[in-house]
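Peer 1: whatever this is, show me its structure:
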Amino acid sequence: MRLSDSRHLISHAPSERARPLLVGVTLALMAMVGSADFAVTGFAPISHLYYLPILLAATKLGRRYALGIAALAVVLAHLANPELSHLHYEEADVMELILFMTVAIVACRLTDDARELHRLASTDDLTGLHNLRSFEALSRALIERQRLAQGEVAILSLDVDRLKQLNDAYGHLTGADAVKHVGSVIARLLRSAAHACRYGGDEFAIAMPGNVAAASALAGRIQGAVTASSPLLDTRSFPAGTLSVSIGCSSALVETEVEAAACFTKLFRAADEAMYANKTAHRSSAAPARSSLGDELALGDEVAREPAGDGELRGRPAYPPASRA
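Peer 2: Below you'll find the model as predicted:
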């Protein structure tokens, strides 16, 4: 399952906000080259400058824009050259006009391949969320932004409860689908400023701007959504309450003298310890940890408590019989 409709998937294409600016820059560059071509009629090296806006459109705006800019370059080249305007072509002229379109197509293909490779290198194959390498980079960037804004950063650590029992009872394909399902719930509930990753077999992490109250509120929403869902796992339908997650969260005000990497490590460790404390206590809860980054983070009071025992849940087996879809 790919979460292709989630805004939290890796995307390296320009944002919609930046697209009008890029279009304007491309057209301005095309106008400059066209003006130079008209001023120096028939001077071949000037016409080679049309490749600049074509490559800019191909790498930043996509195939449709690149082909449009290439077609515009063909039109301007005809208008600037009297011979071409009367359809008197030499072999070099024909090759250059063909190359305008060819360069646009090839540059678009290479750009798409590079973006896909980057996406694959930054994405967890099972859930479609970020992988740990990408998550760490995004978290450090978030910490730097919050440092400038003098704001707080929160980290949540999540673990799927009793996954081994699910694997033993129904097979590893069912367990893999359970991890996918939790990943889809996390992606659906995240705000645009937050990002998530899967960093272990059934372990997830979330980084977000905000304090411990905001992190705990998100933890509660994730727990509620996971527990309330009736997942379809490896063609089997499971009732609500089959899946649950243990969550720990930490937050801190980012101080100017603390490096982003050290801040991330400290927050992540505190959230992870809180999560394992909850799992050990056989509860599905979010245990916040909060402190200034000048001091060691200390685990705080647990919130959003909800029974989620290992092996038993409210006096019945952890995984009730499933029905075939």
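Peer 1: so which residues of the stretch 51-200 of the chain form helices?
Peer 2: 51-60, 63-80, 82-85, 91-122, 132-149, 163-170, 172-189 (DSSP state H, counting those that start in this stretch).
Peer 1: in the second one, what counts as buried?
Peer 2: When you say that, I think you mean helix 63-80. 63, 65-67, 69-70, 72-74, 76-78, 80 (16 or more other C-beta atoms under 10 Å). Bear in mind the C-beta positions are built from the backbone N, C-alpha and C, glycine included.
Peer 1: nearest to Pro231, of those residues?
Peer 2: The nearest member of those to Pro231, counting by C-beta to C-beta, is Arg63 at 38.2 Å.
Peer 1: unless I'm mixing things up, that closest one is touching Cys108, no?
Peer 2: Yes: Arg63 is within contact range of Cys108, at 4.3 Å (criterion: C-beta atoms under 8 Å).
Peer 1: farthest-apart pair in the buried residues of helix 63-80, please.
Peer 2: Greatest spatial distance among the buried residues of helix 63-80 (C-beta to C-beta): Arg63 and Ala80, at 25.7 Å.
Peer 1: nearest to Thr256 among the buried residues of helix 63-80?
Peer 2: Distances from Thr256 to the buried residues of helix 63-80, taken by C-beta to C-beta, are shortest for Tyr65, at 41.9 Å.
Peer 1: that closest one contacts Thr26, doesn't it?
Peer 2: Yes: between Tyr65 and Thr26 there is a contact under C-beta under 8 Å: 7.2 Å.
Peer 1: closest one to Ile247 among the helices of the stretch 51-200 of the chain?
Peer 2: Nearest to Ile247 among the helices of the stretch 51-200 of the chain is helix 172-189 (10.4 Å), distances taken as C-beta to C-beta.
Peer 1: name the residues that touch that closest one?
Peer 2: Applying C-beta atoms under 8 Å, 6 or more residues apart in numbering, the external contacts of helix 172-189 come out as 1, 3, 6, 8-9, 124, 126-129, 158, 160, 163, 166-167, 196, 198, 201-202, 204, 206, 218, 221-222, 225-226, 229, 231-234, 236, 243, 245.
Peer 1: which of the residues you listed are buried?
Peer 2: Buried by 16+ other C-beta under 10 Å: 3, 6, 8-9, 124, 127-129, 158, 160, 163, 166-167, 196, 198, 202, 204, 206, 218, 222, 225-226, 229, 231, 233-234, 236, 243, 245, out of the contacts of helix 172-189.
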